[in-house]
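A.B. asks: here's my sequence, what's the structure:
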Amino acid sequence: MQLAFVLYKYFPFGGLQRDFMRIALECQQRGHTIRVYTLIWEGDVPPGFEVCVAPVKALFNHRRNEKLLAWLQADLAKRPVDRVVGFNKMPGLDVYYAADGCFEDKAQTLRNGLYRLWGRYKHFADYERAVFAPEAKTEILMISEVQQPLFIKHYATPLERFHLLPPGIAQDRRAPANAAEIRAQFRGEFMLEDNELLVVQIGSGFKTKGVDRSLKALAALPGPLRKRVRMMIIGQDDPKVFQLQAATLGLTDRVQFLKGRSDVPRFLLGADILIHPAYNENTGTVLLEALVAGLPVLVSGVCGYAHYIVDAEAGLVLDEPFAQEQLNRYLQRMLEDDSARAQWAQNALAYADNADLYSMPQHAADVIVAQGHS
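C.D. replies: The predicted model follows:
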């Protein structure tokens, strides 16, 4: 089959982007031909992929999205495909991968009424309705159980159109046999003393991921402990605001910001804790990447994948609504208690051996190529 995949932006370090890549490669491996439509492509193009970058420009994102859709539809009219698979919500999809939560629910609960008078609101609401309306034909790949009831509440989407996928953690994220060696090498390279503790936060979009909360928690640690802790924050984002915050809190020598990178598994093996106090997060792939690497996790309860940390007994999950004071307390507790960290790490690795955290791309490809779409 000829498959078309659509996403607004591809770069190698985004969660949605990595999911797209693994699903597309799985489909290609099964003998299907892959064409990709996007506004921006950064990074390598896999052999055999046809990548079409839309020659469109606009002042506003939503106008640009509309131009992409018009250009895509014109191209598909000339060069039809068997399936159109979208990683962002838009009209005309056979299959939609639900990486984002329910826009309509956020618009109603987090915004004031005036927001719904804007063109931006109308655009995103219309594009979401095109996927979830009862009369739409789009099959929906869900990666978060939390969001499904919200879509049904706002759109009365028929239940049979939802396909709940297991997570899709790449096997290369698992702790290898020589994990201790990699850890020692990593800590040598970054000049971490034996008694120093490394806290990592990983994810593009520093504001949403709660980097401000992490910095406050680090600043709240008792003096002697704080002197032993280093924090590395990794992701594709502009760190200026947070560097300023770190400086204001007197943490400049404790905190390092790094751009998105491909050797994240080394950081997961070299660190002592992953901190992830996100404001909202549909899933949170990095939580599972830490889990399968044996790294204890401290996470806000709002994340779709936080329940895996509870199930695995691999760290601590914050209560909702979020309280900074609880984050501060939990971080201190996790850093001070070496034996608890060792136990969480052991629990995590045992869970990684037995739970299905890996087969998402295969399940997604099954739905994409199944009959019944047109």
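
A.B. asks: residues of the worst-scoring helix or strand of the chain on mean pLDDT that come out buried?
C.D. replies: Comparing helices and strands within the chain by mean pLDDT, DSSP states H and E singles out helix 103-110 as the least confident, with a mean of 92. Within helix 103-110, the residues that count as buried by 16 or more other Cβ atoms under 10 Å are 103, 104, 105, 107. The way it works is simple: take the backbone N, C-alpha and C, and place the C-beta from them, glycine included.

A.B. asks: tell me which of the residues you listed is nearest to residue 287?
C.D. replies: Of all the buried residues of helix 103-110, residue 105 has the smallest distance to residue 287: 22.3 Å, by Cβ to Cβ.

A.B. asks: hang on, isn't the closest one packed against residue 150?
C.D. replies: Yes. Residue 105 lies in contact with residue 150 (Cβ atoms under 8 Å); the separation is 4.5 Å.

A.B. asks: who's in contact with stretch 48-59?
C.D. replies: If you take Cβ atoms under 8 Å, 6 or more residues apart in numbering as the criterion, stretch 48-59 is touched by 24, 28, 33-41, 45, 64, 66-68, 71-72, 75.

A.B. asks: ditto for stretch 73-83
C.D. replies: With contacts defined as Cβ under 8 Å, 6+ apart, stretch 73-83 is touched by 1-4, 35, 37, 52, 84, 92, 94-95, 368-369, 373.

A.B. asks: related to what we said a few turns ago, and the least confident helix or strand of the chain, what does it pack onto?
C.D. replies: Under the contact criterion of 3 or more Cβ pairs under 8 Å, 6 or more residues apart in numbering; DSSP states H and E, helix 103-110 touches helix 119-132, helix 148-155.

A.B. asks: mind putting those in CSV, mean neighbour count included?
C.D. replies: Shown next, in CSV, are the helices and strands packed on helix 103-110 (neighbours: other Cβ atoms under 10 Å):
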stretch, mean neighbour count
helix 119-132, 17
helix 148-155, 16
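
A.B. asks: who wins for proximity to residue 239 among those helices?
C.D. replies: helix 119-132 (26.6 Å).

A.B. asks: residues touching the helix or strand that that closest one is followed by, excluding its own?
C.D. replies: Scanning forward in sequence from helix 119-132 by DSSP states H and E, the next helix or strand is strand 139-142. Applying Cβ under 8 Å, 6+ apart, the external contacts of strand 139-142 come out as 94-98, 131-132, 148, 151, 157, 161-165, 364, 367, 372-373.

A.B. asks: list only buried entries from those.
C.D. replies: Buried among the contacts of strand 139-142 by 16+ other Cβ under 10 Å: 94-98, 131-132, 148, 151, 157, 161-163, 165, 364, 367, 373.

A.B. asks: the residues you listed in helices, which ones?
C.D. replies: Residues of the buried ones among the contacts of strand 139-142 located in helices (DSSP state H): 131, 132, 148, 151, 364, 367.

A.B. asks: closest to residue 18 out of those residues?
C.D. replies: Top of the list for closeness to residue 18, among those and by Cβ to Cβ, is residue 364 at 12.8 Å.

A.B. asks: so the closest one sits against residue 26, correct?
C.D. replies: Yes. Taking contacts as Cβ under 8 Å, residue 364 lies within contact range of residue 26: 7.3 Å.

A.B. asks: give me the neighbour count for residue 69.
C.D. replies: 20 (other Cβ atoms under 10 Å).

A.B. asks: what's the answer for the one 4 residues further on, then?
C.D. replies: Residue neighbour count, defined by other Cβ under 10 Å, stands at 13 for residue 73.

A.B. asks: now it, what's its secondary structure?
C.D. replies: Recorded secondary structure, residue 73: helix (DSSP: H, G, I helix; E, B strand; the rest coil).

A.B. asks: mind telling me what element residue 261 is part of?
C.D. replies: Counting by DSSP H and E, residue 261 is found in no helix or strand.

A.B. asks: going forward, count from 38.
C.D. replies: Got it, first residue is 38 now, which makes that one residue 298.

A.B. asks: now it: how far from residue 334?
C.D. replies: Residue 298 is 20 Å from residue 334, where distance means Cβ to Cβ, to the nearest Å.
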